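J.: got a predicted model here, sequence first, then my questions.
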Amino acid sequence: MYGPVEKEENTAYLRPETAQGIFINFNNVITTSRKRLPLGIGQIGKAFRNEISPRDFIFRTREFEQMELEYFCHPSTSSDYFKYWVNFCYEWLLKIGLRKENVRIYTKTQDLAHYSKETSDIEYLFPFGWSEIWGIANRTDYDLQAHAQPSKKKDRHTFEYVDPQTNERYVPHVVEPSAGVDRVLFSLLYDAYNVEDVPGEEEKRVVLKIHPDLAPYKFAVFPLQKKPAELMQKAEDIYNKLSTVVATDYDVSPSIGVLYRRHDEIGTPYCITVDHQTLKDNTVTIRDRDTMKQIRLSCDELLNNPQHLLKNSPFQSA
């Protein structure tokens with residue numbers, strides 16, 4: 001029901017999955033895109049569940065963001081593609097920053113869903129225990145057949161695929177990787193959040209060691225001081241050039257340490273400080289978020305290819 005009054009006419013139906021439209025429009029996609037199988041169709045959007053007791057922060061909610069991929073393939077290859085997608089999803093999670101010891105693949109050998117031939121869940125070790133963040137299922141031809149059954153006789157072949165080379169006609173099998181974006185985000189934030197002791201300082205450092213691709217800012221630019229005016233101008237020039245290429249922040253504070261801490265907390269990989277030496281030799285100080293190490297780098301090297309710095313940390317050999 002929706003609205004302030006519980007009436008039958010106020011009944012609303014919300015989708016529990018995002019993939020229904022993919023199956024219904026399978027033939028339209030095949031004919032308009034002129035693609036051959038195997039073929040993947042992905043979608044992301046809102047999904048809803050009638051959760052009796054939402055809990056564990058954003059892990060279990062009634063409204064959430066879901067991303068699903070329906071991978072259509074020949075029936076004889078579905079098991080191979082199922083293994084491929086399980087491994088791909090697992091490796092992708094590690095690639096974007098999850099620690100290997102906190103991620104595992106759980107392969108179900110019993111109590112499979114009625115539509116599933118094979119199912120594996122990728123689980124993460126949350127504070128409340130191992131829980132699923134991504135499910136991969138070999139759904140065979142269940143979904144396409146389910147839509148075909150109630151259709152009229154003339155439409156019975158709507159969900160069949162005809163191989164243009166062999167003229168073989170078959171209903172494709174589907175491998176479905178399905179994940180809740182909120183759960184993946186939760187695991188990434190929990191894995192990246194750290195509270196550390198800093199030698200020589202009483203207060204602990206809060207730092208979000210998140211993958212650079214996911215950081216809200218890739219660089220932050222600071223002038224060491226507000227005077228002379230040339231420092232501010234140089235810092236603003238660097239910021240203006242960087243911000244047209246990558247997400248960059250600009251901040252000014254009497255304390256450079258405060259600026260570093262601010263960006264440690266939100267996960268900015270590199271902080272760039274413009275100081276008096278910058279005015280002499282056109283180099284800046286770059287500070288690494290994770291190690292707090294600092295090196296000097298020429299402005300030209302920084303501005304010519306900032307993406308290279310994000311992919312190839314200059315601190316690896318520092």
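T.: Yep, that arrived.
J.: any low-confidence regions in the stretch 201-318 of the chain?
T.: 316-318 (pLDDT under 70).
J.: one more pass at 80, please.
T.: Along the stretch 201-318 of the chain, the model assigns pLDDT under 80 to residues 254, 314-318.
J.: any chance you could map the helices in it?
T.: Using DSSP state H, counting those that start in this stretch, the helices of the stretch 201-318 of the chain run over 229-242, 256-266, 276-281, 299-304, 306-311.
J.: between those helices, which gets nearest to Lys108?
T.: helix 306-311 (36.9 Å; CB to CB). All C-beta atoms are positioned from the backbone trio N, CA, C, and that covers glycine.
J.: now do that closest one: distance to the chain's middle.
T.: Averaging C-alpha positions (CA atoms, centre = their mean, to the nearest Å) puts helix 306-311 19 Å from its chain's average.
J.: before we move on, the earlier item: can you redo the helices of the stretch 201-318 of the chain as JSON lines with distance to Thr32 and mean neighbour count?
T.: Listed next are the helices of the stretch 201-318 of the chain as JSON lines, based on distance: least, CB to CB, whole Å; neighbours: other CB atoms under 10 Å:
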{"stretch": "helix 229-242", "distance to Thr32": "41", "mean neighbour count": "17"}
{"stretch": "helix 256-266", "distance to Thr32": "43", "mean neighbour count": "17"}
{"stretch": "helix 276-281", "distance to Thr32": "55", "mean neighbour count": "13"}
{"stretch": "helix 299-304", "distance to Thr32": "42", "mean neighbour count": "15"}
{"stretch": "helix 306-311", "distance to Thr32": "35", "mean neighbour count": "14"}
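J.: distance to Ile122 for those - can I get that in a markdown table?
T.: As requested, the helices of the stretch 201-318 of the chain are arranged in a markdown table below (distance: least, CB to CB, whole Å):
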| stretch | distance to Ile122 |
| --- | --- |
| helix 229-242 | 36 |
| helix 256-266 | 27 |
| helix 276-281 | 46 |
| helix 299-304 | 37 |
| helix 306-311 | 25 |
